[in-house]
Each structure stands twice: as C-alpha cells, then as structure tokens.
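*Asks:* how would this look folded up:
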Amino acid sequence: MIGHQNRDQLEFFICGSLRDLVPDDHVLARVDQVLDLGWLAEDVADLYSAGTGRPGIAPKAAVRLMLAGFLLGIVHDRRLLREAQVNLAIRWFAGYGLHERLPDHSSLTRIRQRWGAERFRRIFERTVQSCVAAGLAKGEVVHVDASLIRANVSWESLAVRHVDAMSDANGDVPEDPEADLQVKHSKKTGRYKKVCVTDPDASMATSGRNRRLEPCYKQHGVVDDLCGVIVEVEVTTGEANEGDHILDRLDTAAATLGGPIKVATADAGYAYAKAFGGLEERKIDAIIPTKAEPIRSKVPLRRFKFDPRHDLVKCPRSKILRPKKAKISHGRFFVTRVHDCAGCNLAALCLSPSRKTRAVVIVHDYPALLRARRRRERWGEKENRLYRRHRWRSEGFHGEAKTWHGPARAVRRGLENMRIQAFLTAAAVNLKRLAAAFLALLLHFLAASRQGKLFSPSSALLRYLKRRVVASIFHPMAQSIGSVP
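*Replies:* Numbering: from 1, shown residues only. This next block holds a predicted model:
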C-alpha cells in the first residue's frame, strides 16, 4: 500500500546533539576533526575592548561560518546566513544551537574590516603548518601558477581614461615629447586604456590573445607536489606580471614551510631572465620552459655573443658593442661605434635606415637565461614528468577553487577583500586535504584492528599517527582510537 508521512511533526523536542543529525561523511563533519582555532581568540584580543561595549561574535564562530561558506561554495554572506537558518550542518559547525540567533550578515563584513587581511593570512598559514606536521607537504617540489579572477563589477562601470595634457601632474614638460605621446596613446597605458570606476584596484587583463580584456584580479598560488597542499597564495591586480612575483611567493612559501625549496616548476609565462637568476641565487632547480626568442630583426639577438666577464657583446662580425650609460629598468644598452658598422657587409640587414650604429638590449641576469635555454634542451624523463605534474597540480588547484569554492568571480571589491577571499579559499582546500588524509589513516587503522593486528594504543600505527599529526588538532580523535573495537 502507499505510505503516508505526517508533516505536523509534533515530536519536535528531542534529546541529543545536532552532531547526531549531521552525516559522518559530510564535508563539515570531516573538516571539524582537523580544524583547530583555539589560538585565534588570543590573536585578535587586541582588537576588542576588555570591558567596554556588548559582547561581540566569538572569533571561532565567525571564522567557522566563513569557512563553512567556502567549503560549501556559498561565498556571499547574505546567502550564507540565509542558508544557515535552515542548514543544521552549518549551525553545528559554527557552534549555534537551534534556539540561538545567528549574526547578521553585516557582522561578518565588519569582522573582516577590523581584522585585516594579515590575520586571515595567519589562518591560512596555520593550515599549511598543520599539513606539514601531518606529512602532507614537504616543500621539496612546488608548482607555481597564476589565474585571473573576474572582478565584481559590470561593464557599465568601465570608463576610458582621457589624457589631454602633455605635461605631468607637476606641470613639467617631458624630455622626449614624441615618446611620451606614444605612451599616452597606447592601448595599454594611454588614453585608450579602460579603468573601472567602482573598483579601481581591478585592472584590465585577459588570459588569451583571442579573448577580450576584462576587469580582473590575479591570484598567484604555490602548490606542494606531494598531496596538492597550497603553501602560498597572494592576489594582485590583473595586469601584474607573473615573473615579477614568483621569487617573493617562493620566499614566503619557504618561510611558511620552515625549510628550503629544492625544485620549482612553472609555465612559460615565468620564463624571464630575472626569474632564472633569482632561482639560481636561491639554489632552486627551475623546471620552466623557456620562451622562443622574438625575432624583430633579420640579424636577431641570438647572433650576438655576450661576455659577462668583460661586460662586452660581440656582433656576428666580431665587432665590439660596449655598454651605454643610459640604463633601462630591465637591462642595459650595448652599442657599436660608427666606423665599425660603416664598412660591414651586414649593415644593410642589421641596421635600420635611420641608424648608423647597432644597439642591443641585454637584460639583467641574461647569462642565467642562456643557461636555462641550454638546460631546456637537455630535459629528461624526470623534468618532463615534473612539468606534466605541474599542469594538473597547480592548474588543478585553480580549477578546483573556481568550480567548488567561489573564486570564478570576485565576491567583494578591493584588493584587501580579494586577499581575504584567496586566503579563506586556500585554507578551505588545505583543510579538505588534511581531513582526507586523516580519514585514510583512520580507515587503515580500523581495517587492521578488525584483522586482529592492532588493539593497543602502543602499536606501531598509532605511534605513527601521533608522531605525524599535530597533537592539538587530532587529540580528541587520537584518544578514542585505542578504544575502537
């Protein structure tokens, strides 16, 4: 016969915990086993008055609410608090009972503004250190990559920057009016460049030449090779160059990991001489494919030989190019003498019609770039395997985050808010990695105990578990392992 369900639910009052109603395999239940925020109240105590005003939201409850939103893909505060009204798992995870009133969504905004991005960075760094203590990250091999995040603005908020004056803000006339005019009329830096009125920190950028420019931020991430733990993350404006940030990100990642990094992989977007030079100084092996040299002349730069010992450049006809006093930000000019090029049989190909001497630009750390090109030609199976892992480790993190945790589009505006979003997203991903590893260890213990191989807390596996995992995180579960039948 057809069953009938009584929807009156008169037996509303029951005795028990909300935890009993949350499935054990729920992501919040699994993350709760590895999340430790006992240090947070002391860390933010200086931001609150000891005896003045009404009690605020508990710091642990606020962070747990934010993390629950990112773990479940509910990244907007209004929607999160609306969902928490009826979602027992979120209520239990944040520590709110059925009879307790949830905070207003604006309270989370004020907490972010009061704490600042650096305190959320410390929350993220704590998850990294927990993963290191659990053996999920070693820092020996890391993968570096960046991804664009669409700003939370409309197309109607874009405006074209208008440049009319030939003088700068101080009224000074530029030394080279013709060059200054070219800069002001450039589509990237001049009068045709679009700027965002509602979110000035967002800048126009694109991920491909066949795609249009959009107001974006750029998220830089460093992922450990062992289990995909995110060891460093930072956000910049969309037009920031990846090569300018790789060294800073690796330095910060090494400080968080507590040890040196041995190998770093990245795509060709990071193949700059300054990046290779900085990696050599840090004794980090670079698995980065070098870019093909752009050929803008019939006699390209690769035909010129740079001698770093004597600081000279030789042209294909063995004429000497000496450094010029005028310097540029990324390198130096080397120029020939007029009489050297006057009788050269390559002058028709090498020189432009308006010049009598040949000038080339040698970028800083150019020898490191040449060494990287030679190493690229000698890549073996090990290097190719690491570069293949880079594609699904680092790019996989950005794909996972954008698909499940919200960074496909910015939630809020401003660089500071974007940094907080990136830190919470990376912390949520790391907690998932930590919870999955702990569950695997626990299942292995249960399987061994059923076979009669493991009963006492002094067994080898239990000692391994206590040694490899942070005691403050796994202490409640580690105590109960010895009593598992």
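*Asks:* rest of the way, CA atoms for contacts and neighbours
*Replies:* OK.
*Asks:* which strands and helices lie in contact with the helix or strand where residue 440 lies?
*Replies:* Element membership for residue 440 (DSSP states H and E) is helix 415-450. Helix 415-450 sits against helix 27-32, helix 59-72, helix 117-133, strand 230-237, helix 381-404, helix 460-468, with contacts defined as 3 or more Cα pairs under 8 Å, 6 or more residues apart in numbering; DSSP states H and E.
*Asks:* out of the ones you listed, which is closest to residue 435?
*Replies:* With Cα to Cα as the measure, helix 27-32 is the member of the helices and strands packed on helix 415-450 nearest residue 435 (5.5 Å).
*Asks:* can you get me a residue count around residue 229?
*Replies:* 30 (other Cα atoms under 10 Å).
*Asks:* from what I see, it and residue 433 are in contact.
*Replies:* Yes - Residue 229 is within contact range of residue 433, at 6.9 Å (criterion: Cα atoms under 8 Å).
*Asks:* low pLDDT regions in the chain?
*Replies:* Applying pLDDT under 70 to the chain picks out residues 1, 3-14, 161-192, 294-296, 326-327, 443-485.
*Asks:* can we see that at 50?
*Replies:* Filtered on pLDDT under 50, the chain yields the residue ranges 163-191, 454-485.
*Asks:* highest average neighbour count across the helices and strands packed on helix 415-450?
*Replies:* Stretch with highest mean neighbour count among the helices and strands packed on helix 415-450: strand 230-237 (a mean of 25; mean count of other Cα atoms under 10 Å).
*Asks:* domain ranges for the chain?
*Replies:* Listed domain ranges for the chain are 18-115, 134-291+374-412, 301-364 (source: automatic domain parsing).
*Asks:* now do the first one: distance from first to last residue.
*Replies:* For domain 18-115, the separation between the terminal residues is 30 Å (Cα to Cα, to the nearest Å).
*Asks:* centre of the chain to it, how far?
*Replies:* 24 Å (Cα atoms, centre = their mean, to the nearest Å).
*Asks:* grab the nearest non-local neighbour of the residue nearest to the spatial centre of the chain.
*Replies:* By Cα atoms, centre = their mean, the chain has its centre lying nearest to residue 221, at 2.4 Å. Nearest in space to residue 221, with sequence neighbours left out and distances taken as Cα to Cα, 6 or more residues apart in numbering, is residue 233 at 4.4 Å.
*Asks:* these two touch, right, the one you found and residue 426?
*Replies:* Yes - contact criterion Cα under 8 Å: residue 233 and residue 426 qualify, at 7.3 Å.
*Asks:* ok, back up a step: could you say which of the domains of the chain is packed most deeply?
*Replies:* By mean count of other Cα under 10 Å, the domains of the chain have domain 134-291+374-412 as the most buried, with a mean of 18.
*Asks:* buried set for the helix holding residue 440?
*Replies:* Neighbour-count burial for helix 415-450, counted by 16 or more other Cα atoms under 10 Å, picks out 415-438, 441-442, 445-446, 449.
*Asks:* which SSE is residue 321 in?
*Replies:* Going by DSSP H and E, residue 321 is in strand 320-328.
*Asks:* that strand pairs with which strands, parallel or anti?
*Replies:* strand 312-314 (antiparallel), strand 331-335 (antiparallel) (DSSP bridges).
*Asks:* what strand or helix carries the residue nearest to the centre of the chain?
*Replies:* strand 214-224.
*Asks:* what angle do that strand and strand 230-237 make?
*Replies:* 160 degrees (axes from the mean of the first three to the mean of the last three Cα atoms, to 10 degrees).
*Asks:* let's number from 816 now, not from 1
*Replies:* Will do, 816 is the new start, and the previous item becomes strand 1029-1039.
*Asks:* name the nearest residue to residue 1034, ignoring sequence neighbours.
*Replies:* residue 1050 (4.5 Å).
*Asks:* ok, residue 1128 next?
*Replies:* residue 1121 (4.4 Å).
*Asks:* which other helices and strands contact the helix or strand that contains the one you found?
*Replies:* Per DSSP H and E: residue 1121 is located in strand 1120-1122. Strand 1120-1122 sits against strand 1127-1129, with contacts defined as 3+ Cα pairs under 8 Å, 6+ apart.
*Asks:* ok, and what's touching the strand it packs on?
*Replies:* Applying Cα atoms under 8 Å, 6 or more residues apart in numbering, the external contacts of strand 1127-1129 come out as 1119, 1120, 1121, 1122, 1135, 1136, 1137, 1138, 1149.
*Asks:* ok, the residues you listed vs residue 1061, which is closest?
*Replies:* residue 1121 (26.1 Å).
*Asks:* quick check: the gap between the closest one and residue 1171.
*Replies:* 21 Å.
*Asks:* likewise for residue 1100?
*Replies:* Distance from residue 1100 to residue 1171, by Cα to Cα: 42 Å.
*Asks:* what's stretch 1182-1197 in contact with?
*Replies:* 1087, 1088, 1091, 1092, 1095, 1103, 1104, 1105, 1123.
*Asks:* ok now it, how far from the chain's centre?
*Replies:* That offset, for stretch 1182-1197, works out to 26 Å (Cα atoms, centre = their mean).
*Asks:* could you do stretch 1139-1152 as well?
*Replies:* On Cα atoms, centre = their mean, the centre of stretch 1139-1152 falls 35 Å from that of its chain.
*Asks:* with stretch 1045-1063 instead?
*Replies:* 7 Å.
*Asks:* show residues contacting the helix or strand hosting residue 898.
*Replies:* Using DSSP H and E, residue 898 maps to helix 892-899. Contact with helix 892-899 is made by 884, 889, 905, 906, 917, 918, 919, 920, 921, 923, as judged by Cα under 8 Å, 6+ apart.
*Asks:* next, the contact list for residue 1178, please.
*Replies:* 1088, 1145, 1146, 1147.
*Asks:* where's the first one relative to residue 1103, distance?
*Replies:* Okay, so that is residue 1088. Relative to residue 1103, and taking Cα to Cα, residue 1088 is found at 11 Å.
*Asks:* and for the last one?
*Replies:* Per Cα to Cα, residue 1147 is found 25 Å from residue 1103.
*Asks:* same deal with the third one?
*Replies:* From residue 1146 over to residue 1103 the distance is 21 Å, taken as Cα to Cα.
*Asks:* is it true that the residue nearest to the centre of the chain touches residue 959?
*Replies:* Yes - here residue 1036 reaches residue 959: they are 5.9 Å apart, a contact under Cα under 8 Å.
*Asks:* residues in contact with both of those two, list them for me.
*Replies:* Counting by Cα under 8 Å, 6+ apart, the residues touching both residue 1036 and residue 959 are residue 1209.
*Asks:* one step back: what's near enough to touch the residue nearest to residue 1128?
*Replies:* 1127, 1128, 1129.
*Asks:* swap in residue 1058?
*Replies:* Residue 1058 neighbours (Cα under 8 Å, 6+ apart): 1084, 1085, 1086, 1087, 1089, 1090.
*Asks:* surely it is in a helix?
*Replies:* Yes - according to DSSP: H, G, I helix; E, B strand; the rest coil, residue 1058 belongs to a helix.
*Asks:* what's the distance between it and residue 1083?
*Replies:* Taken as Cα to Cα, the span from residue 1058 to residue 1083 is 10 Å.
*Asks:* please apply the same query to residue 833.
*Replies:* On the measure of Cα to Cα, residue 833 and residue 1083 end up 51 Å apart.
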